[in-house]
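Trainee: Need coordinates for the below:
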Amino acid sequence: MYEIMTADEAIRLIRDGDCICVNSFVGIESPVELHEAIYRRYEKMQSPTHLTMVSSAGFGNWTEDGNAESYIKAGAVDRIICGHFGAMLSTKKLVLQDRFEAYNLPLGCISHAIRAQASGLPGALSKVGLDIFVDPRNEGPGINQISIDDSLVSVVDVEGEEYLYYKLPKLTVALLKGTAADRKGNITFDDQYMSGDALSICQAVKANKGKVIVQVDRLVDTPSRPRNAIIPGCLVDALVVVEPEKRPDSYVALTGSFEIPYKDWSDWNDKIVASSSKAKNDNAARVIGRRAVKELRVDDIVNIGIGMPEAVSHYARKSGILDKITLTVESGGIGGFPVSGEAFGAMIGAASVYDMANQFDLYDNGGLDLCFMGAYEVDKEGNVNAHRGPGAYAGIGGFCNITAKTPTVVFCMTFNTKGLKVGYNKGVVSIDQDGSIPKFVDKVRSISFSAKRAIENGQKVLYVTERGVFRLTPNGLKLIEVYPGIDIDKDILDQLPFPVELSKTMEKQKSEAKA
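Mentor: Residues are numbered from 1 along each chain as shown. Below you'll find the predicted structure:
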């Protein structure tokens, strides 16, 4: 039977050495008051300590202080297993300083491993991750020098086929944020942007004889409708009621509490995050977005990544196809318009928001038709690094789940960065200044996407840049398009550190240019 407690009381249920699983997504839906209570107790008692933190998609708040950042910096945590560190601004720096063990696993594989524990299984099988960094025959999941635990990912053979086996430590504490609890302790998520892995986390923790602590906005007398109760009260140990901070009015659009017509999606997105207008005004993004959107077909089910690929959304709307496709987001939303920026993971006008593990079932089984993703680096074989920059680490997130089996993968990226200036006028592109950091390299720093695996799977893979388009072939990259205004030699071939094949059209264009 659950008890209603203060945050400080509830945190006393956590013991030294516990493995805490947090239900949040990058920078949204984190139980902030519970994190801050852990810090208060640790500062006073030096306990709980030697903690392991697990989260499918990260549990930050886009600052270097507050939330979990405080007790992680203070030394309460020995190990973090996470899909994405992007919103954990202090933590991702400390990871590279070897302050604690840190492991990066594919978001969907963590989600499925949590669900496996919920059913009494020790781990989850997946083909996602084969031949990329997380494969123990390559780098493995450890991010820094002290992260040498080889039990999290292993290669196994099942009926003559290779799989990766993802195994998490036993989850013993659940920290979650819900909307309301009724008098039986049933938890609803009506005002939340997503429910994530909430139910699976609670079931896994109770299977391991652990404690479930839920922060809610309010208590209600009337029991929830059965279908609306995501977490049944019998799985809850402690309820902590915290009046929510007031959100901007525009954020109400993300809870699904009222219908937002398709024609209003863009306006609502502009209210919520300014990055969409920035993408529209960037010439490189304009060129890339205009070309990439041509790959869309009516009725496609699609995932659009953050950063440069977001320009695709703008031009999909402009071309009239946006309301004829179905967009998805990793947190579980489908059929609306994914929000970018600090609210990433939420969706405007979603048709459905279901459990995150179910969303990754769709991704892992090839249920998407098309995805648009960003890239830090591409090498001569067509491998992509999208998770590890020089001296920086964001994490793989759902990138490798999404790209592993999707029939058409479109990488949206500039040729180089830091100082790149692109002109665009009436369909003609000019490179006014090259960037100082190349993105096409002889060998990528770390592999997020395996070209070899994509060829074996028969996937169509395009690399859409501000100068032209490459296609993946068994021999590496083939240049198949060059935009008007671009010099094929000076702007493309001379900039590459490796030779590429030219399509017949490009060979003809090159010879005509010389003539």
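Trainee: so how far is stretch 66-76 off the chain centroid?
Mentor: Relative to its chain's centre, stretch 66-76 lies at 22 Å (C-alpha atoms, centre = their mean, to the nearest Å).
Trainee: One more: stretch 165-172?
Mentor: Per C-alpha atoms, centre = their mean, the centroid offset for stretch 165-172 relative to its chain is 20 Å.
Trainee: neighbouring contacts of it?
Mentor: When contacts are defined by C-beta atoms under 8 Å, 6 or more residues apart in numbering, stretch 165-172 is touched by residues 15, 18-21, 52, 54, 81, 105, 109-110, 112-114, 117, 122-126, 129, 151-156, 201, 204-205, 208-211. No exception for glycine: its C-beta is placed from N, CA and C like everyone else's.
Trainee: buried set for that stretch?
Mentor: Judged by neighbour count using 16 or more other C-beta atoms under 10 Å, the buried positions of stretch 165-172 are Tyr165, Tyr166, Leu168, Pro169, Leu171, Thr172.
Trainee: what's the most distant pair in those residues?
Mentor: Tyr165 and Thr172 (21.5 Å; C-beta to C-beta).
Trainee: With distance to Gly458 and pLDDT as added columns, please give the buried residues of stretch 165-172 in TSV.
Mentor: Output for these, formatted as TSV (distance: C-beta to C-beta, whole Å; pLDDT from 0 to 100):
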residue	distance to Gly458	pLDDT
Tyr165	25	98
Tyr166	25	98
Leu168	32	98
Pro169	37	98
Leu171	37	98
Thr172	43	98
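Trainee: Inside helices: which ones of those residues?
Mentor: Among the buried residues of stretch 165-172, no member falls in helices (DSSP state H).
Trainee: of those residues, closest to Lys294?
Mentor: The closest of the buried residues of stretch 165-172, once distances to Lys294 are taken by C-beta to C-beta, is Tyr166, at 36.6 Å.
Trainee: any idea how far the closest one lies from Val156?
Mentor: Remark: distance between Tyr166 and Val156 (C-beta to C-beta, to the nearest Å) = 11 Å.
Trainee: So for those two, which residues contact both of them?
Mentor: Leu125.
Trainee: re earlier: going by neighbour count, which of the contacts of stretch 165-172 are buried?
Mentor: 18-21, 52, 54, 81, 105, 109-110, 112-114, 117, 123-126, 129, 152-153, 201, 204-205, 208, 210-211.
Trainee: Now do the end-to-end distance for stretch 53-72.
Mentor: Taking C-alpha to C-alpha, to the nearest Å, the first and last residues of stretch 53-72 lie 10 Å apart.
Trainee: Report the buried residues of that stretch.
Mentor: Neighbour-count burial for stretch 53-72 [16+ other C-beta under 10 Å]: 53-61, 67-72.
Trainee: Stretch 490-508 now?
Mentor: Buried-residue list, stretch 490-508, by 16+ other C-beta under 10 Å: Asp491, Ile492, Leu493, Gln495, Leu496, Val500, Leu502, Ser503, Met506.
Trainee: So which of those residues are in helices?
Mentor: Those of those lying in helices (DSSP H): Met506.
Trainee: Need the residues that contact stretch 147-163.
Mentor: For stretch 147-163, using C-beta under 8 Å, 6+ apart, the contacting residues are 79, 81, 101-103, 105, 125-127, 129-130, 134-137, 140-142, 164-168.
Trainee: Got the phi and psi for Ala7?
Mentor: phi -60, psi -40 (degrees, to the nearest 10).
Trainee: I meant to write Val461 there.
Mentor: Per degrees, to the nearest 10, the backbone of Val461 is at phi -130, psi 120.
Trainee: pretty sure it contacts Ser450?
Mentor: No - Val461 is beyond contact range of Ser450, at 10.6 Å (criterion: C-beta atoms under 8 Å).
Trainee: Do you know the pLDDT at the residue most central in space within the chain?
Mentor: Note on the chain: the residue nearest the mean C-alpha position is Gly397, at 3.6 Å, using C-alpha atoms, centre = their mean. In the predicted model, Gly397 carries a pLDDT score of 97.
Trainee: can you check Thr188 too?
Mentor: 97.
Trainee: Look at it and say how many residues are nearby.
Mentor: 20 (other C-beta atoms under 10 Å).
Trainee: measure it to Ile201 for me?
Mentor: From Thr188 to Ile201 the distance is 16 Å (C-beta to C-beta).
Trainee: And for Ile492?
Mentor: When Ile492 is compared with Ile201 (using C-beta to C-beta), they lie 48 Å apart.
Trainee: My read is that Ala7 contacts Glu36, right?
Mentor: Yes - between Ala7 and Glu36 there is a contact under C-beta under 8 Å: 7.3 Å.
Trainee: who's more crowded, the two?
Mentor: Ala7 (22 against 18).
Trainee: what sits against the more buried one?
Mentor: Contacts of Ala7 by C-beta under 8 Å, 6+ apart are Glu33, Leu34, Glu36, Ala37, Gln215, Val240, Val242.
Trainee: ditto for Asn104
Mentor: Taking C-beta under 8 Å, 6+ apart, one finds Cys82, Gly83, Phe85, Val134, Pro141, Ile143, His387, Tyr393, Gly395, Ile396 in contact with Asn104.
Trainee: and it, what are its phi and psi?
Mentor: Torsion angles, degrees, to the nearest 10, at Asn104: phi -120, psi 110.
Trainee: ok, which stretches of the stretch 101-250 of the chain are helices?
Mentor: 107-118, 198-207 (DSSP state H, counting those that start in this stretch).
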